[in-house]
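**Student:** Let me see the structure of the following:
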Amino acid sequence: VVLGDATSLQDAAVRADGSVTVAGQAVGVGAQTELLIARLTAAGAADPTFGGGDGIVSFRPAGEAAVAAAVAPLPDGQTLVAGATATGSLETNPQHYLGRLSAAGDPTGLPFARPTALVASSFTAMEVLPDGDIVLAGWGTVGMRDVMLVTRRDPDGSPDPGFNAAGTEAGWRIINFANSVGARAQELTVGATGAVTLVGQVDRGTLAPLLRGAGARVARNGAPDATFGGDGQVEVGYPAPFAGNVGFAGAALRDTTLLAAGTIATGPQGVLQAIGPDGGFPVHGPAGAPQGAAVWPGHGEAVALTST
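**Tutor:** Numbers count the residues shown, from 1 in each chain. Purely as a prediction, here's the structure:
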């Protein structure tokens, strides 16, 4: 299936009937980027009932650039898509986006304001829960510093009243890694208790970036989970010969152990890190690898993860 020129894919989801929905970015008119959502049948062919008959929907809700970073199919045949738009750069001036596509691919935005402290916001991950609630993660900018973001919304996009209800921004939680240059969440996972765990990276550099793998956990009510790392946050760096900028982009829970997948820049090397329920690093993995981690050489990175 050809999805057009200069297209990148960011996420994929499989429906109960075996059909696959993918999301990413396409170049539209005037070289401006658009959200891209495509649906394939279980046999891998373009779904003729979606989009204009070619199985593809692409659009730009606002601004000059857009990206679909996460997609989630709904039981009624509709699809949720999350990402960002921007007037200018998606890297420096994003505005988060959440929308719903009909079974045929017609989009309807679910707009809601970001916290007033933020001057930018972008969604990178999404999970739809059995009760229909929508959990979204990503990053935003406070002043000149990037921070992790997580928000829990009701099915219509309104804030979940039980998530950070006492905060100034109901339904949101801003996660700041103290004394860092900035932090971004790339993926999330939701546990049986409703706690949300984010993985990504934190920058501890001064004159040059020094990225470390990072995780953060908030309880069902949006409060930092102090049982995870002592303050709801953990960071992972590796000694030589595994040293280098680290970033996590995939997450899955196996029982109570968090598995975070990503890359170590030196090499580059892929990494799969096990993190215990308390934020500690279990002692397992290949001999010579960092504690609780599997590291392998490659020319790319691990960007997605599932656990069975």
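**Student:** From A23, how far off is the residue nearest to the spatial centre of the chain?
**Tutor:** Residue closest to the mean C-alpha point of the chain, counted by C-alpha atoms, centre = their mean, is A125 at 2.6 Å. From A125 across to A23, the span is 12 Å (C-beta to C-beta, to the nearest Å). C-betas here are computed from N, CA, C, even on glycine.
**Student:** cool, and T206?
**Tutor:** Distance from T206 to A23, counting by C-beta to C-beta: 36 Å.
**Student:** Next: T85.
**Tutor:** Distance, T85 to A23, using C-beta to C-beta: 14 Å.
**Student:** More neighbours: these two, which one.
**Tutor:** More crowded of T85 and A23, by other C-beta atoms under 10 Å: A23, with 26 against 23.
**Student:** Please put the alpha-carbon coordinates of the particular helix or strand that has the more buried one in it into PDB.
**Tutor:** Taking DSSP states H and E as the criterion, A23 maps to strand 20-27. Below are the C-alpha coordinates for strand 20-27, written out as PDB (Å, rounded to 0.1, in the frame of the first residue of the first chain):
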ATOM      1  CA  VAL A  20      -5.000  -2.100  11.000                       C
ATOM      2  CA  THR A  21      -5.100   1.700  11.400                       C
ATOM      3  CA  VAL A  22      -1.900   3.600  11.200                       C
ATOM      4  CA  ALA A  23      -1.100   7.300  11.900                       C
ATOM      5  CA  GLY A  24       1.600   9.700  11.000                       C
ATOM      6  CA  GLN A  25       2.500  12.600   8.800                       C
ATOM      7  CA  ALA A  26       2.100  13.400   5.200                       C
ATOM      8  CA  VAL A  27       3.200  16.400   3.000                       C
END
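**Student:** ok so, going back, so who does the residue nearest to the centre of the chain touch?
**Tutor:** If a contact means C-beta atoms under 8 Å, 6 or more residues apart in numbering, then A125 has A69, A70, A82, L136, A137, G138, A185, Q186, E187, L188, L198 as its contacts.
**Student:** Over to G230?
**Tutor:** Residues near G230 by C-beta under 8 Å, 6+ apart: G279.
**Student:** and it, how far is that from T263?
**Tutor:** 26 Å.
**Student:** same deal with R39?
**Tutor:** From R39 to T263 the distance is 29 Å (C-beta to C-beta).
**Student:** need the helices for the stretch 151-300 of the chain, in chain order.
**Tutor:** Counting by DSSP state H, counting those that start in this stretch, the stretch 151-300 of the chain has no helices at all.
**Student:** Cool, thanks, signing off.
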